[in-house]
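Student: show me the folded form of this:
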Amino acid sequence: MQVLVMGAGQLARMMALAGAPLNVQVLAYDVNTDTVLHPVTQQQFPLTLAQAVAQADVVSSEFEHIPYPVQDICQQSGKFFPNSTAIKAGGDRRQEKQLLDAAGVANAGYRIVTTEAEFLAAIAALGLPLVLKSALAGYDGKGQWRLKRTEDAAAIWADIASFMADADHTLPQAIVAEQFVRFDREVSLVGARNAKGDTVVYPLTENHHVDGVLAVSLAIPAQQQLQQQAKQMFDAVAARLDYVGVLALEFFQVGDQLLVNEIAPRVHNSGHWTQQGSDTCQFENHLRAVCGLPLGSTALVRPTVMVNILGEDQVDPAILALPSCHLHWYGKGKRAGRKMGHINICGNSVAELAERFVALAQLLPAAQFPEVAEVAAKLQQQA
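Tutor: From the prediction side, this is the model:
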């Protein structure tokens, strides 16, 4: 079976690696170069997008920001999973908010802003502080502002107006103004749904960010009340979209309540721990879902931590001497802030994981891996 993935980055690469044992061949379409290639070997194929779509048994995606004309070709094939509605909702915060409301899942209060008058009206309606996010093209902390004081409104609006003026005007840009949520922690749920409507979800993962970019994901046994709440919200969103594939929901936890912050209609960075911490990793379960194969177990086999490698093309090889430590490189050229790879480290208990995580943190320079030592120390205190 052949799966064509829109996007040729590390997520397509890891899908290809997970698909090989299933005899599922994964090819990727690079939307930037209009090239069809193998996401691991980088071998190029003399195929147009239309030819590649026609040749594939299934068409899928590794990211949300797929040009609409490309999505149209994929959707018209009748074999695009997840569907274009889901991809568009993940790539446009206006559609995402409308989806969450329609699915009846809790999320932060918001207003859509396209003019200064709407901006001022949002401040009056929602109060301060506000988080302001571009509807399109914002990710990993980009295209976002925080307004804490009324006297800063004019300067922030000027910056937003400049951002919108410079945006790609193929699609109309806007800003989603959201009430600031004073959350206890950020968590995410990764799950899979097949064409029959069956769903499986992984344990809730605790996430730690640096400058809006995921740094550490921690998968340990979750509180059952929170896990059940997250599963209900996942099922509501996935059913609303008639979703097929892996879907991630990012939450703010406020006390014992969850608010959906964002959705990601794809395999997700916070689910990379599943490669070592679960029987069936998220990449294999995505392929199982879109190819009509039975979904695999999502149970937590052993507590696991994932650490992102950002902007670095090497780490101390001594980390590989740590028990149950696994290194995943993406084969990318070095660039500041770029996701270059990740590290998974596991333990047979939370206490053992904490001990190993502290040892890993000692081998990772704090300047290049901020937050890691602090999260490791906190886990050790809780274990």
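
Student: from here on, contacts and neighbour counts on C-alpha atoms
Tutor: Will do.

Student: which neighbouring elements make contact with the one helix or strand residue 123 maps to?
Tutor: For residue 123, the host element (DSSP states H and E) is helix 116-126. Counting contacts by 3 or more CA pairs under 8 Å, 6 or more residues apart in numbering; DSSP states H and E, helix 116-126 packs against strand 110-113, strand 175-179.

Student: run through who's touching stretch 25-40.
Tutor: Outside stretch 25-40, the residues that touch it by CA atoms under 8 Å, 6 or more residues apart in numbering are 1-10, 12-13, 15-17, 19, 43-49, 52, 66-67.

Student: swap that for stretch 280-299, please
Tutor: 14-15, 18-19, 58, 60, 81-82, 190-195, 200-203, 244-246, 267, 271-272, 274-275, 278-279.

Student: which stretches in the stretch 51-200 of the chain count as strands?
Tutor: Per DSSP state E, counting those that start in this stretch, the stretch 51-200 of the chain carries strands over the ranges 58-61, 110-113, 130-134, 144-147, 175-179, 185-193, 199-201.

Student: follow-up on the earlier one: from the helices and strands packed on helix 116-126, which stretch is densest packed?
Tutor: Neighbour counts (mean count of other CA atoms under 10 Å) averaged over each of the helices and strands packed on helix 116-126 peak at strand 175-179, with a mean of 24.

Student: between it and strand 130-134, how big is the angle?
Tutor: Counting by axes from the mean of the first three to the mean of the last three CA atoms, to 10 degrees, strand 175-179 lies at 160 degrees to strand 130-134.

Student: and strand 175-179, how far out from the chain middle?
Tutor: On the basis of CA atoms, centre = their mean, to the nearest Å, strand 175-179 sits 20 Å off its chain's mean C-alpha point.

Student: can you check stretch 282-289 too?
Tutor: 15 Å.

Student: now do the buried residues in that stretch.
Tutor: 282, 283, 284, 285, 286, 287, 288, 289 (16 or more other CA atoms under 10 Å).

Student: what strand or helix carries the fifth one?
Tutor: It refers to residue 286. Since the elements are taken from DSSP H and E, residue 286 ends up inside helix 282-290.

Student: who touches the next helix or strand along the chain from that helix?
Tutor: Using DSSP H and E, the helix or strand that follows helix 282-290 in sequence is strand 304-310. Under the criterion CA under 8 Å, 6+ apart, residues 214-220, 270, 272-273, 276-277, 336-347, 353, 357, 368-369, 372 lie in contact with strand 304-310.

Student: go again using 7 Å as the cut-off
Tutor: Outside strand 304-310, the residues that touch it by CA atoms under 7 Å, 6 or more residues apart in numbering are 215-220, 272-273, 277, 337-347, 353.
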